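J.: pasting the sequence and the predicted coordinates here, then a few questions.
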Amino acid sequence: MGKGNRQFLEEICDGCTSRCLLKYLVLDVHHDSRRLLTQVKVMDKYKYEESERQGKDIGWDSATKLWVEKGYAKRFDILYVEGLRYDTLYRSIIE
C-alpha cells in the first residue's frame, strides 16, 4: 500500500473500530480502489444512521437494498469525485 493510500485509509477510517470493513478490504484483501472504499464508507455511515433511526441494526443486506432503492447508489455514481471527503459526499447524496 502506497503512502497516499495509507493516508486515505486513515482519513476514512478515523474513529472506526478494530473490526472496520474498510481496513479489512485494504489490509487483508488488498483492494485499494478509492472509489469502492469511499462508497463502502458512505454506505456504512448510511447503515449506521438508518439503524439509529429504526432503533435496531438493519444489517448490510437491508442497508444495501435501501441504498439502491432510494437512488443513493445512482447519486453516488453521479456525485463521486476523487479527493472529495466521504462525509461531504455523503451529505450530498442523502440531501
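T.: In hand now; what should we look at?

J.: could you list the low-pLDDT ranges of this protein?
T.: Counting by pLDDT under 70, the low-confidence segments of the chain come to 1-6, 8-9, 12-13, 15-32.

J.: so which residues of it form helices?
T.: Using DSSP state H, the helices found in the chain span residues 3-12, 21-23, 34-54, 59-69, 72-79, 86-94.

J.: turn these into TSV, including mean neighbour count.
T.: In this view, the C-beta of every residue, glycine as well, is placed from N, C-alpha and C. Putting these into TSV (neighbours: other CB atoms under 10 Å) gives the following:
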stretch	mean neighbour count
helix 3-12	14
helix 21-23	17
helix 34-54	17
helix 59-69	14
helix 72-79	14
helix 86-94	17
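
J.: so what's Y46 up against?
T.: A63, L66, W67, Y72, Y90, I94 (CB atoms under 8 Å, 6 or more residues apart in numbering).

J.: wait, what's in contact with the nearest residue to the first one once chain neighbours are set aside?
T.: In space, not counting the residues next to it along the chain, A63 is nearest to K47; the distance is 3.7 Å by CB to CB, 6 or more residues apart in numbering. Shown here is K47, whose contacts under the criterion CB under 8 Å, 6+ apart are I58, G59, W60, A63.

J.: so how far is G55 from the residue nearest the centre of the chain?
T.: With distances taken as CA atoms, centre = their mean, K41 lies nearest the centre of the chain, 1.4 Å away. Distance, K41 to G55, by CB to CB, to the nearest Å: 23 Å.

J.: E49 now?
T.: Counting by CB to CB, the gap from E49 to G55 is 12 Å.

J.: same question, Y48
T.: Y48 is 13 Å from G55, where distance means CB to CB.

J.: could you do D14 as well?
T.: Separation of D14 from G55 (CB to CB) stands at 26 Å.

J.: now do G71
T.: 24 Å.

J.: between the two, which one's more packed in?
T.: Taking other CB atoms under 10 Å, G71 and G55 do not tie; G71 has more neighbours (11 against 7).
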